[in-house]
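Sequence below, structure please.
(one chain, ligands or ions: 3)
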Amino acid sequence: MDDQITLTQFIIEQQRGLPGASGTFTLLLNNIATACKQISHRVNRGALIGVLGSAGTENVQGEVQKKLDIITHEIMVKALDWSGHLGGMASEEIDAPIKIPKQYPKGKYLVLFDPLDGSSNIDINLTVGTIFSVLRCREGVEPETEDFLRRGSEQVCAGFVLYGPSTMLVLTTGNGVNGFTLDPDIGEFILTHHNMRIPEETSEFAINMSNQRFWEPPVKRYVEECLAGEDGPRGKNFNMRWIASLVADVYRILTRGGVYLYPYDLRDPNRAGRLRLLYEANPMAFIIEQAGGACSTGTERMLDIKPQDIHQRIPLIFGSKKEVERIVGYYQQSSND
Ligand SMILES: O=P(O)(O)OC[C@H]1O[C@](O)(COP(=O)(O)O)[C@@H](O)[C@@H]1O
Ligand SMILES: [Mg+2]
Ligand SMILES: [Mg+2]
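Numbering: from 1, shown residues only. Ligands and ions are numbered 1, 2, ... in the order given. Predicted coordinates for the structure are as follows:
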């Protein structure tokens, strides 16, 4: 169709007129989109090309890696490191930040990514995704780990790609949230979901109920009230969904509202949460806020957290604004008691 807008056209249009825009950001996003098209192709071929199953290795966080965790990490690095737009990268799958090879110029951005989110779902053919976050950095200087430890509010861009029935890219550059669907016939992401907004109220929650006995009182209270339905204090029935792919749960909430909780729990009291601050919570928090929702740890706004460690974990609560405010209120009441 003549009126279709591609991802590249959309970014160029957004960048036009911005002071100091040199085109490198557009090229960077194009490289990320290209990497995600390659990943989409691999995920889609699945067993036909032998990419499913475990790799038999562990990542830096002690999690067993799937073959696709490693393949997708390598695709991202290869698509990005030569381009001259980046000062460095950090991946959920690798211990330390990834340096740009010496022969290539160093650019003004840092990219942080979870190359394959929801990878426990890959062998059962459910939706998985790639999450990315872009920060500015000092140009021409080799970044230190400290350069990556920046508050989520400093992100210049965040996005994720869903490898589901359609492959979709969801993006914010701080000016709302837009969704693009990959048209496999022409190999382009096309703008299909303009200015995505999360409804303020909801009747749907997402939490891994198997951890219920380990939750803290505010989360127990919130979920109990939802489960009590029409007869309880909320006076209405709630539905529950848990896909165990953050990308898919975020996309559902962007589309029809809802709230997602992966709170601190007492299974391993030393572990701050399940999700990673830099590769998962921060990019999603930026997207959720830009779509009119809210994102919190339960006690602090996610985008205000000063990271302490590149692989730091964090409690994550996000979604429809009023619902998140209610849960934060329960945390406040519980700390006052
Ligand atoms: O199996 P659990 O504990 O419900 O965890 C599910 C969560 O873990 C994650 O899969 C973590 O992502 P990775 O697959 O990148 O490790 C989230 O996407 C998801 O919300
Ligand atoms: Mg993940
Ligand atoms: Mg992952």
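
Now the protein against ligand 1: closest residue?
Residue nearest to ligand 1 within the chain (C-beta to the nearest ligand atom): L246, separated by 3.3 Å. In short, each C-beta sits where N, CA and C put it, glycine included.

what sits against that residue?
In this structure, L246 makes contact with D117, G118, G129, I131, Y260, L275, E280, M284, judged by C-beta atoms under 8 Å, 6 or more residues apart in numbering.

Using CSV, lay out those residues together with pLDDT.
Converted to CSV, these look like this (pLDDT from 0 to 100):
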residue, pLDDT
D117, 97
G118, 95
G129, 98
I131, 98
Y260, 98
L275, 97
E280, 98
M284, 98
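
What ranges does the stretch 101-250 of the chain have for its helices?
Ranges of helices within the stretch 101-250 of the chain are 145-148, 217-228, 246-256, based on DSSP state H, counting those that start in this stretch.

now what about the longest one, what contacts it?
So the one you mean is helix 217-228. The contact list for helix 217-228 (C-beta under 8 Å, 6+ apart) reads 205, 207, 209, 212, 215, 232-234, 238, 240, 261, 263, 298, 326-327, 330-331, 333-334.

Select, out of the helices of the stretch 101-250 of the chain, the one closest to R16.
helix 246-256 (26.0 Å; C-beta to C-beta).

Check the offset of that closest one from the chain's centre.
Put simply, helix 246-256 sits 10 Å off its chain's centre (C-alpha atoms, centre = their mean, to the nearest Å).

what's Y331 sitting at in phi/psi?
Taking degrees, to the nearest 10, you get phi -60, psi -40 for the backbone angles of Y331.

Quick check: it touching E300?
No: taking C-beta atoms under 8 Å as the definition, Y331 is not a contact partner of E300, at 9.8 Å.

the more surrounded of these two?
Taking other C-beta atoms under 10 Å, Y331 and E300 do not tie; Y331 has more neighbours (23 against 13).

Provide a list of residues in contact with that one.
P218, G298, T299.

Next, count neighbours for the second one.
G298 is flanked by 22 other residues according to other C-beta under 10 Å.

hang on, the earlier thing: near ligand 1, list only the ones from the contacts of L246.
D117, G118 (C-beta under 6 Å from any ligand atom).

Looking at the contacts of L246, spot the one nearest G87.
The closest of the contacts of L246, once distances to G87 are taken by C-beta to C-beta, is I131, at 19.7 Å.

Show me the beta-bridge partners of that closest one.
Under the criterion DSSP bridges, I131 forms beta bridges with D114, F160.

any idea how far it lies from L171?
Distance of I131 to L171, computed by C-beta to C-beta, to the nearest Å: 12 Å.

element containing Q332?
Taking DSSP states H and E as the definition, one finds Q332 inside helix 321-336.

Residue numbers of the stretch 51-200 of the chain in contact with ligand 1?
Counting by C-beta under 6 Å from any ligand atom, the stretch 51-200 of the chain sits next to ligand 1 at E92, D114, D117, G118, S119, S120.

Mind giving me the ChimeraX select for those, buried ones only?
Selecting only the buried entries of these in ChimeraX, with 16 or more other C-beta atoms under 10 Å as the criterion:
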select :92,114,117,118,119
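
Turn the residues of the stretch 51-200 of the chain next to ligand 1 into a markdown table, including distance to ligand 2.
A markdown table is the format used below for these (distance: C-beta to the ion, whole Å):
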| residue | distance to ligand 2 |
| --- | --- |
| E92 | 6 |
| D114 | 4 |
| D117 | 3 |
| G118 | 6 |
| S119 | 7 |
| S120 | 10 |
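
Which of the residues of the stretch 51-200 of the chain next to ligand 1 fall in strands?
Residues of those located in strands (DSSP state E): D114, D117.

ok, and which of the residues of the stretch 51-200 of the chain next to ligand 1 reach ligand 3?
E92, D114, D117 (C-beta under 5 Å from the ion).

which one of the residues you listed sits closest to Q312?
Using C-beta to C-beta, these come closest to Q312 at E92, 11.5 Å.

which residues does that closest one contact?
E92 touches N59, Q61, F113, D114, P115, R276, Y279, E280, H311, counting by C-beta under 8 Å, 6+ apart.

ok, T6 - how many residues close by?
16.

Relative to Q4, how far out is the residue lying closest to it once chain neighbours are set aside?
Distance criterion C-beta to C-beta, 6 or more residues apart in numbering; nearest residue to T6, sequence neighbours excluded, is E188 at 4.8 Å. Note on E188: its distance to Q4, by C-beta to C-beta, is 8 Å.
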